[in-house]
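J.: structure, please.
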Amino acid sequence: MRYFELVVTIFLIIFVVLLVLSQVLARNLFFFTFEHFDSISRLLAFDAAMLGAIFATRNSKHLNIDNLINFFKSPKKIYIRLIILLWCLFMTGALFLLSVELVLSAYNFNDRYLGTYPLWLIQLILPYVFLSMFVSNLALLINDIAMKMRT
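T.: Below is the predicted model of the structure:
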C-alpha cells in the first residue's frame, strides 16, 4: 500500500507540474488559457500534500510538536509524549469523522466539481488521510505504552 501511495503522489506531482507548465506556456506564447487547469492543479497539489502528510506522519517526520519533550527530565518524557500522542489521536479522529461527514454531505447533495465531476469522489482523500494518520498515531501510542510497561 505504501508503494502505491508513493507512486500516486509522484504521479500527482508530475501531473501538476505539467498542467502548470502547459498553462504558463499557453498564456505567454499563445495568449490563451485552458479553462479549468488552474483549479484542477490546485486540487491535485492539495491531494499530493495530503499524501505527503501521511508519509511524514508514518515516519515521524511531521512537524515535531514533540520537541517539547526535550525540555523535560527523562522520567517525565514518556508521559509528555503519551499526552501529545493522545492529543494527536483525538484531533485526527475528530478530523476523520468531520471529513466523512463532508464526503457524505457532498454525496447526498450531489455536489459537482466543474459542473461535471462528483465532488465526493475528489474529497475521498480527506477521510483516507486522517484515518491513516489516526492509525499511525495509535500504533505509536501502543508502542510507547508497551515500552513503558517493559521498564
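
J.: ok, Trp120 touching Tyr107?
T.: Yes: look at Trp120 against Tyr107 with Cβ atoms under 8 Å: they come within range, at 4.1 Å. C-beta coordinates here come from the backbone N, C-alpha and C atoms, glycine included.

J.: higher neighbour count, those two?
T.: Neighbours were tallied for Trp120 and for Tyr107 using other Cβ atoms under 10 Å; the higher tally belongs to Trp120 (19 against 15).

J.: list the contacts for the more buried one?
T.: Val103, Leu104, Ala106, Tyr107, Asp111 (Cβ atoms under 8 Å, 6 or more residues apart in numbering).

J.: can you check Leu141 too?
T.: Leu82, Leu85, Leu86, Leu89.

J.: if we go to 10 Å?
T.: Counting by Cβ atoms under 10 Å, 6 or more residues apart in numbering, Leu141 makes contact with Arg81, Leu82, Ile84, Leu85, Leu86, Cys88, Leu89.

J.: host element of it?
T.: Using DSSP states H and E, Leu141 sits in helix 125-150.

J.: how's the protein carved up into domains?
T.: 1-62, 64-151 (automatic domain parsing).

J.: any chance of the ones you listed in a markdown table, with mean pLDDT too?
T.: Compiled in a markdown table, the domains of the chain are given as follows (pLDDT from 0 to 100):
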| stretch | mean pLDDT |
| --- | --- |
| domain 1-62 | 82 |
| domain 64-151 | 84 |
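
J.: spatially central residue for this structure, please.
T.: Met50 (2.6 Å; Cα atoms, centre = their mean).

J.: now do it against Ile145, distance only.
T.: Per Cβ to Cβ, to the nearest Å, Met50 is found 28 Å from Ile145.

J.: which residues in the chain form helices?
T.: If DSSP state H is used as the criterion, the helices of the chain fall at 2-30, 37-58, 74-108, 119-123, 125-150.

J.: counting contacts, what elements does the first one pack onto?
T.: Going back to what we said before, that points to helix 2-30. Contact here means 3 or more Cβ pairs under 10 Å, 6 or more residues apart in numbering; DSSP states H and E; on that basis helix 2-30 packs against helix 37-58, helix 125-150.

J.: in the last one, what's buried?
T.: When burial is assessed from 16 or more other Cβ atoms under 10 Å, helix 125-150 yields the following buried residues: 125-137, 140-141.
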